[in-house]
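Participant: Provided below are the primary sequence and the corresponding predicted coordinates.
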Amino acid sequence: MTRSSNKMATVLNLILVLSLLLMISISESSTQLGVGVEAIDAECNTVYGAEVGDSCDTVTEKFGLSLEEFLAINVSCNFFEGQWLCVDGSPN
């Protein structure tokens, strides 16, 4: 009986650890996807869909923006493939 109790405790501990890792993963991904991030109040004239390998450096260079200009009209440099980025606009 003690042996089965130890196995059950081990299984329950494993489930607890996996649940904790899942919660942390969901929390991190929602931050990366912009959930809970304050929106930027900007007027955007032109958007660009981020492509594989894009970074703030490559996008700002491609569209002739400074990093400060880019961040004034976009939430952050933390974006993903396919995300619409404002590349021509003005902050309100």
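Facilitator: On my side now, so go ahead. These numbers come from a predicted model, not from an experiment.
Participant: Please spell out which residues along the helix or strand containing Ile26 are buried.
Facilitator: Element membership for Ile26 (DSSP states H and E) is helix 2-32. Within helix 2-32, no residue counts as buried by 16 or more other CB atoms under 10 Å. Where C-beta positions appear, they are placed from N, C-alpha and C, glycine not excepted.
Participant: repeat for stretch 50-66
Facilitator: Quick answer for stretch 50-66 (16+ other CB under 10 Å): Ala50, Asp54, Cys56, Val59, Thr60, Leu65.
Participant: Tell me which of the residues you listed fall in helices.
Facilitator: Among the buried residues of stretch 50-66, the members found in helices (DSSP state H) are Cys56, Val59, Thr60.
Participant: any chance of these in JSON lines, with distance to Glu69 and pLDDT too?
Facilitator: Below are these laid out as JSON lines (distance: CB to CB, whole Å; pLDDT from 0 to 100):
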{"residue": "Cys56", "distance to Glu69": "11", "pLDDT": "96"}
{"residue": "Val59", "distance to Glu69": "11", "pLDDT": "97"}
{"residue": "Thr60", "distance to Glu69": "8", "pLDDT": "97"}
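Participant: out of the residues you listed, who's nearest Leu71?
Facilitator: Cys56 (8.1 Å; CB to CB).
Participant: Name the SS class of the residue lying closest to that closest one once chain neighbours are set aside, please.
Facilitator: Once flanking residues are discounted, Cys56 sits nearest to Cys77: 3.7 Å by CB to CB, 6 or more residues apart in numbering. Per DSSP: H, G, I helix; E, B strand; the rest coil, the secondary structure class of Cys77 is coil.
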